[in-house]
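K.L.:
give me a model of this one.
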Amino acid sequence: MFAYLVRRLFLMLVTLFGISIVIFFLLRIVPGNIVDILFAAAGYVDPADKANLEKELGIDRPLIVQYWHWISGFLRGDFGYSYVSEKPALQEILPRIPITARLAGLALLFSASIGIPLGVISAVKQGTRLDYALRVVSLSGLSLPSFWLGLLILTASVAMFGQMPIFNPNPRTWLEAFATYAVPAAAVGFRSAALTMRITRSSMLEVLRQDYIRTARAKGASDAAVNYHHALKNAILPVITVIGIEAAFLIGGLIVTETVFNIPGVARFLVEAIRWRDYPIVQNLVMFIAVVVVFANFTVDMLYAVFDPRIRYTD
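P.N.:
Residues are numbered from 1 along each chain as shown. Here you go, the predicted structure:
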């Protein structure tokens, strides 16, 4: 196990190193930088002023030097300063992480608590009207874009209550916090719930055909024991994989949802930083998202051994 963990840690570090190179050089390939944007907005270009500003920001140096300056500072905990606000990048990023984390966590909770039970019911009731209805719901969830569903919720809110849901950045109670995040979390979690439900259903159908399920029924085990203790326990691995991928996706994939509901989270801030070519913000945010994705995949692999005793990570 120790040797496996060392190998995984090494591969995670290599992956993050590769991502740092890709994101750094892709940003520089995109035409224009923040100096070009600022001077274009001002309506004039003074070559001397432009050269001085590029020198001040350090973007006139060779790319290798710029990369080394950023990655060495990143490893020391020095994330640089935002080109736009001139504040430390960490100071700009940290307040937005809890907002996106709460939204993603609530959406994931909605996805798992709705998708898994409905997937089990759909599999157990295969071929019935209930199964067909649940399959239509799941297909609808996968087909409806989250931004359209969010706009539909906002429109319905205005039509019924005369106002739109307003984001409250500082809820005083857990009930206020739940009310603040529930609607956007449901909008984005509906698609995840639909995907989780379909994966749970297909995995359950495969397990329910196994011999040990028929044996459990022949021994007189109740339907609940067969479906949830025997079948779901052995069908859960693909579901864990999907939930892990969704958890990683939700951290950086809430761009449209945060924009529609005017939520000042990580994903929306990343888009704004890309638009302004705010390199320190973009690079550090992408690395943060990459770390979340890598560790989510690692956690899923570890959970395999917890839910399936046959899986062992040996030396």
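K.L.:
break this structure down into its domains, please.
P.N.:
The chain resolves into domains spanning 1-76, 98-307 when parsed by the TED database.
K.L.:
could I get these as TSV with mean neighbour count?
P.N.:
All C-beta spots, glycine's among them, are computed from the backbone N, C-alpha and C. Listed next are these as TSV, based on neighbours: other Cβ atoms under 10 Å:
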stretch	mean neighbour count
domain 1-76	13
domain 98-307	18
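K.L.:
do you know the pLDDT at Gly43?
P.N.:
Listed pLDDT for Gly43 reads 66.
K.L.:
likewise for Thr196?
P.N.:
On the pLDDT scale, Thr196 gets 93.
K.L.:
oh, and call the first residue 17 from now on, that's how I've got it
P.N.:
Let's use 17 as the start, then, which means that last one is Thr212.
K.L.:
would JSON lines of the domains of the chain with distance to Pro104 be doable?
P.N.:
Listed next are the domains of the chain as JSON lines, based on distance: least, Cβ to Cβ, whole Å:
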{"stretch": "domain 17-92", "distance to Pro104": "11"}
{"stretch": "domain 114-323", "distance to Pro104": "9"}
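K.L.:
those: lowest mean pLDDT?
P.N.:
For the domains of the chain, where the average pLDDT is lowest is domain 17-92, sitting at a mean of 83.
K.L.:
pretty sure Phe95 contacts Val298?
P.N.:
No: contact criterion Cβ atoms under 8 Å: Phe95 and Val298 do not qualify, at 11.6 Å.
K.L.:
mind checking which residue lies nearest the centre of this structure?
P.N.:
Per Cα atoms, centre = their mean, the C-alpha nearest to the average position across the chain is that of Leu266, at 2.0 Å.
K.L.:
quick check: closest non-adjacent residue to that residue.
P.N.:
If the residues on either side of it in the chain are set aside, Leu266 comes closest to Ala120, at 3.7 Å by Cβ to Cβ, 6 or more residues apart in numbering.
K.L.:
next up, the contacts around the one you found.
P.N.:
Each residue near Ala120 by Cβ atoms under 8 Å, 6 or more residues apart in numbering is listed here: Ala263, Leu266, Ile267, Leu270.
K.L.:
list phi and psi for it.
P.N.:
Main-chain dihedrals, Ala120, degrees, to the nearest 10: phi -70, psi -40.
K.L.:
in the stretch 17-166 of the chain, which spans are strands?
P.N.:
With DSSP state E, counting those that start in this stretch, there are no strands along the stretch 17-166 of the chain.
K.L.:
and the helices in the stretch 17-166 of the chain?
P.N.:
18-45, 50-58, 63-73, 79-92, 105-109, 112-140, 145-159, 162-177 (DSSP state H, counting those that start in this stretch).
K.L.:
surely Ala210 meets Ser156?
P.N.:
Yes: using Cβ under 8 Å, Ala210 is in contact with Ser156, at 7.2 Å.
K.L.:
tell me what the helix or strand harbouring the residue nearest to the centre of the chain is packed against?
P.N.:
Secondary structure assignment for Leu266, by DSSP states H and E: helix 248-268. On a contact count with 3 or more Cβ pairs under 8 Å, 6 or more residues apart in numbering; DSSP states H and E, helix 248-268 meets helix 112-140, helix 190-224, helix 282-291, helix 295-323.
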